[in-house]
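**Q** Could you look at this predicted model? Sequence included:
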Amino acid sequence: MKLRKVTAAAAAALVLSLTATACGGDDDSDSADTGSGGGDKIKVGIKYDQPGLGLKEPDGSFSGFDVDVATFVAGELGYEPNQIEFIETKSADRENALARGDVDFIAATYSITDERKEKVDFAGPYLLAHQDLLVKADSDIAEGTDLNGKKLCSVTGSTSAQNVKDEIAPDAQLKEYGTYSECIAGLQSGAVDAVTTDDSILAGFAAQDQYKGQFKLAGLKLSNENYGVGVKKGDTETVNKINDALEKMVADGAWETAVKENFGPADYKYEQAPKIGNIVQ
Ligand code: GLU
């Protein structure tokens, strides 16, 4: 926080805003320079509609494993939770959001891939997930079903959509939406036969109260998705700091607490914590 040439009015306004902050409103939307740490905010890209991973709650708070990872990492970088500004980064927007500097880092079910590494750098991985299918509870789609000709839904810019086109079912009728919640709505209405993406994401949706008993995961491991924390290309210093933070999160048990809390309700069988730099192909 810089205090150059503070006019009396500005000083009074500053005192007022500090008082407002101290009086505990959770509203930190414009308190970037008045936080108790005296520092700026850190802008973190997450998903807003993925229960158990990155979810914006009706009261405006955020929950999920990615949110917990991001909060731990931000803490290690010197930011208090009230200094974190969460910003929605949809699958197709992530590389651009980092390149433009809209966000400082991204923790948004963001798989590390060679193609993405041409545009961004990654710390991690911090979770290993697998592509799967979510179908209606009475669907006969299962292991061995030919998905070519089926109506599948995934998200633009995701590895899941790319994998369908490249290898899983190049002749499927693939609908690509902007978010997974739109695909889930399509599954519920019967517009699509299956939603395909990471099992971690699908399990979170299936466990939501409003969908209980309606959907099931096929249980296929169609790919390995190594979740990384995305940072701007070339920012090796931040990558190294985030890798240290992730290692610490695992070592001190915070990683285990976070997976249990966030994936427990969905009964998602998560893999053990990956080693930093260990990408499962
Ligand atoms: N993890 C995959 C990806 O990064 C699918 C989930 C997502 O779209 O965020 O593309």
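**A** Everything's here; your move.
**Q** and the gap between the nearest residue to A207 once chain neighbours are set aside and A206?
**A** In space, and not counting its chain neighbours, A207 is closest to A266: 3.8 Å by C-beta to C-beta, 6 or more residues apart in numbering. All C-beta spots, glycine's among them, are computed from the backbone N, C-alpha and C. Distance of A266 to A206, given as C-beta to C-beta, to the nearest Å: 7 Å.
**Q** now T257
**A** According to C-beta to C-beta, T257 stands 23 Å off from A206.
**Q** hmm, back to that, now do the residue nearest to A207 against S200, distance only.
**A** Taken as C-beta to C-beta, the span from A266 to S200 is 8 Å.
**Q** Near the ligand, which residues of the protein are found?
**A** Counting by C-beta under 6 Å from any ligand atom, the chain comes close to the ligand at S91, A108, T109, Y110, S111, V155, S158, T159, S160, T197, D198, E225.
**Q** Mark which of these are part of strands, please.
**A** If you go by DSSP state E, the residues of the chain next to the ligand have V155, T197, D198, E225 in strands.
**Q** What subset of the residues you listed is buried?
**A** Listed as buried from those are V155, T197, D198, E225; burial here means 16 or more other C-beta atoms under 10 Å.
**Q** and the residues you listed as JSON lines, adding pLDDT?
**A** Listed next are those as JSON lines, based on pLDDT from 0 to 100:
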{"residue": "V155", "pLDDT": "98"}
{"residue": "T197", "pLDDT": "99"}
{"residue": "D198", "pLDDT": "98"}
{"residue": "E225", "pLDDT": "99"}
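**Q** picking up where we left off before, name all residues that make contact with the residue nearest to A207.
**A** By C-beta atoms under 8 Å, 6 or more residues apart in numbering, the contact set of A266 is P51, G52, A203, G204, A206, A207.
**Q** can I get these in TSV with neighbour count, distance to Y270 and secondary structure?
**A** Supplementary listing: those in TSV, determined by neighbours: other C-beta atoms under 10 Å; distance: C-beta to C-beta, whole Å; DSSP: H, G, I helix; E, B strand; the rest coil:
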residue	neighbour count	distance to Y270	secondary structure
P51	23	15	coil
G52	24	10	coil
A203	24	9	helix
G204	24	12	helix
A206	23	15	helix
A207	18	14	coil
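**Q** Return the closest of the residues you listed with respect to V67.
**A** Using C-beta to C-beta, G52 comes nearest to V67 of the contacts of A266, at 10.0 Å.
**Q** low-confidence ranges in the chain?
**A** 1-39 (pLDDT under 70).
**Q** can you give me the strands for it?
**A** For the chain, strands defined by DSSP E occupy the ranges 42-46, 49-50, 54-56, 62-63, 84-88, 105-106, 120-129, 131-136, 151-155, 173-177, 194-198, 215-217, 225-232.
**Q** mind checking which of these is nearest E261?
**A** Across these, E261 has its closest neighbour in strand 62-63 (9.2 Å, C-beta to C-beta).
**Q** what helices or strands is that closest one leaning on?
**A** Under the contact definition 3 or more C-beta pairs under 8 Å, 6 or more residues apart in numbering; DSSP states H and E, strand 62-63 sits against strand 54-56.
**Q** just the helices in the stretch 151-281 of the chain please.
**A** Ranges of helices in the stretch 151-281 of the chain, per DSSP state H, counting those that start in this stretch, are 159-163, 180-189, 199-206, 236-251, 254-263.
**Q** Deepest in the core, which of those helices is it.
**A** When those are scored by mean count of other C-beta atoms under 10 Å, the highest mean neighbour count falls to helix 199-206 (a mean of 26).
**Q** tell me what it is packed against?
**A** strand 49-50, strand 120-129, strand 131-136, helix 180-189, strand 215-217, helix 254-263.
**Q** please redo it, this time with the cut-off set to 6 Å
**A** Under the contact definition 3 or more C-beta pairs under 6 Å, 6 or more residues apart in numbering; DSSP states H and E, helix 199-206 sits against strand 131-136.
**Q** now the angle from the strand it packs on to helix 180-189?
**A** Orientation of strand 131-136 against helix 180-189 (axes from the mean of the first three to the mean of the last three C-alpha atoms, to 10 degrees) gives an angle of 40 degrees.
**Q** I'd like to check the angle between strand 131-136 and strand 151-155, please.
**A** Using the same axes, to 10 degrees, the direction of strand 131-136 lies 120 degrees away from that of strand 151-155.
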